[in-house]
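K.L.:
The sequence and its predicted three-dimensional model are supplied below.
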Amino acid sequence: MKDLLQIRGLSPEQIESILSRAGEYFDVVTAGGKPFPKLKDRSVITLFYENSTRTRASFESAAKYLGAEVVNLSVSASSVQKGESLKDTALTLDAMCPDVIVMRHAQSGAPHRLAGWVKAHVVNGGDGLHAHPTQALLDMFTAQRHFGSLNGRTAAIIGDIEHSRVARSNIYAMTLLGMKVKLFGPSTLMPSDMSGMPCTVCSSMREALEGADIVMALRIQLERMKGGLFPSAGEYNKYFGLNKDVMKYANDGAIIMHPGPVNRGVELSHDVLDDPVCIKDIQVTGGLSVRMALLDMLIGGEL
Ligand code: NCD
């Protein structure tokens, strides 16, 4: 495999092999160890056209934990601001012979274009509304560490589904691992046609949460909205926010996941956000481990 652009097209075996390698790294990292410099003399460029805290820092840390060199291109301070095209930027960076380019872009499909132009492996760090494959892999990794097998479990994804590449990638990853997926959110933030997707749309929070082991809250992506799609943060929290009361509908032992960044008090109330029921910070450590596994396996030709 040259590139990781989306979850669709991966086999359950490929996903499991990444998660299993990530498990080895997770154990070393959480025990305070710095893993073996397997990627010494290798290089990774991060090219983020959209803001990021977790994903970019996670890829950079993952590459550095493995001994690789990392160049973070800050698009706002680059020749993109002088009008350089995506293709010319791509060819320039590729001429520096990196092993991997990690790209985030507001336009769905941009990493696919990049992959067609460059010799480096391309990893999609999130493209528009389309896909965020490493987020879905880290979510599956973290959930699997929590529950053991995910086969037969149910996830409820709550919130701004329309604008969420995280939801789209997770729907595919979850179903590939044998899970059932239910969705709930404001009707204005639910894609009008979910018929091609392996999931069911629910009409109440209770319906969505009943039988759920994993409840995944999504951020309202105001930066992708043209306006007027939901009334107010307070009202959103009242009808679509997660708190201890609504979590009573979910299965005993259910967990809350969130890709971050969280709007505190909007999609998650403080009583769950600051409670062990919400495993968002374990997701971050899982993300580091998954990205280490992915860089290692992509560069090593193991995928
Ligand atoms: C997500 C993204 O950028 O798609 N964040 C992330 O990568 N952890 C979700 C979001 O921004 O809400």
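P.N.:
Perfect, I can see it now.

K.L.:
From here on, just use CA atoms for contacts and neighbour counts.
P.N.:
OK.

K.L.:
Strands of the stretch 201-303 of the chain, start to end?
P.N.:
For the stretch 201-303 of the chain, the strands defined by DSSP state E, counting those that start in this stretch cover 214-217, 255-257.

K.L.:
Show the contacting residues for the one residue sitting closest to the centre of the chain.
P.N.:
The residue lying closest to the centre of the chain (CA atoms, centre = their mean) is Gln135, at 1.8 Å. Gln135 makes contact with 166, 169-170, 259, 287 under the criterion CA atoms under 8 Å, 6 or more residues apart in numbering.

K.L.:
Go through those and say which is closest to the ligand.
P.N.:
Pro259 (4.4 Å; CA to the nearest ligand atom).

K.L.:
got the buried residues for stretch 229-247?
P.N.:
Neighbour counts using 16 or more other CA atoms under 10 Å place 230, 236-237, 240-243, 247 of stretch 229-247 among the buried residues.

K.L.:
what's the answer for stretch 264-277, then?
P.N.:
Buried positions in stretch 264-277, judged by neighbour count with 16+ other CA under 10 Å: 265-269, 272-273, 277.

K.L.:
Could you tell me how many residues sit around Gly33?
P.N.:
A count of nearby residues for Gly33, using other CA atoms under 10 Å, gives 12.

K.L.:
coming back round to it: take the contacts of Gln135 and lay them out in CSV including pLDDT.
P.N.:
Output for the contacts of Gln135, formatted as CSV (pLDDT from 0 to 100):
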residue, pLDDT
Val166, 98
Ser169, 98
Asn170, 98
Pro259, 98
Gly287, 98
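
K.L.:
wait, which of those is closest to Ile299?
P.N.:
Using CA to CA, Gly287 comes nearest to Ile299 of these, at 18.0 Å.

K.L.:
For Met205, see how far away the closest one is.
P.N.:
Noted for Gly287: a distance of 28 Å to Met205, by CA to CA, to the nearest Å.

K.L.:
If you count surrounding residues, which of those two has more?
P.N.:
Taking neighbours as other CA under 10 Å, Gly287 and Met205 compare with Gly287 leading, 28 against 21.

K.L.:
Is it correct that the more buried one is in contact with Ala57?
P.N.:
No. Look at Gly287 against Ala57 with CA atoms under 8 Å: they stay out of range, at 10.3 Å.

K.L.:
what is the mean pLDDT for stretch 121-135?
P.N.:
For stretch 121-135, mean pLDDT rounds to 98.

K.L.:
With the ligand as the reference, name the closest of the strands of the stretch 201-303 of the chain.
P.N.:
It's strand 214-217; of the strands of the stretch 201-303 of the chain, that one is closest to the ligand (CA to the nearest ligand atom) at 9.5 Å.

K.L.:
and the closest one, what other elements does it pack with?
P.N.:
For strand 214-217, the packing partners by 3 or more CA pairs under 8 Å, 6 or more residues apart in numbering; DSSP states H and E come out as strand 154-158, strand 255-257.

K.L.:
Return the most buried member of those.
P.N.:
Stretch with highest mean neighbour count among the helices and strands packed on strand 214-217: strand 154-158 (a mean of 27; mean count of other CA atoms under 10 Å).

K.L.:
What average pLDDT does that one get?
P.N.:
Mean predicted confidence for strand 154-158 is 98.

K.L.:
Show me the contact partners of it.
P.N.:
By CA under 8 Å, 6+ apart, the surrounding residues in contact with strand 154-158 are 167, 179-185, 208-209, 211-218, 240.

K.L.:
domains of the protein?
P.N.:
Split into domains by automatic domain parsing, the chain comes to 12-132+284-299, 133-279.

K.L.:
How about the residues of the stretch 151-300 of the chain by the ligand?
P.N.:
Neighbours of the ligand within the stretch 151-300 of the chain, by CA under 6 Å from any ligand atom: 165-166, 219, 259-261.
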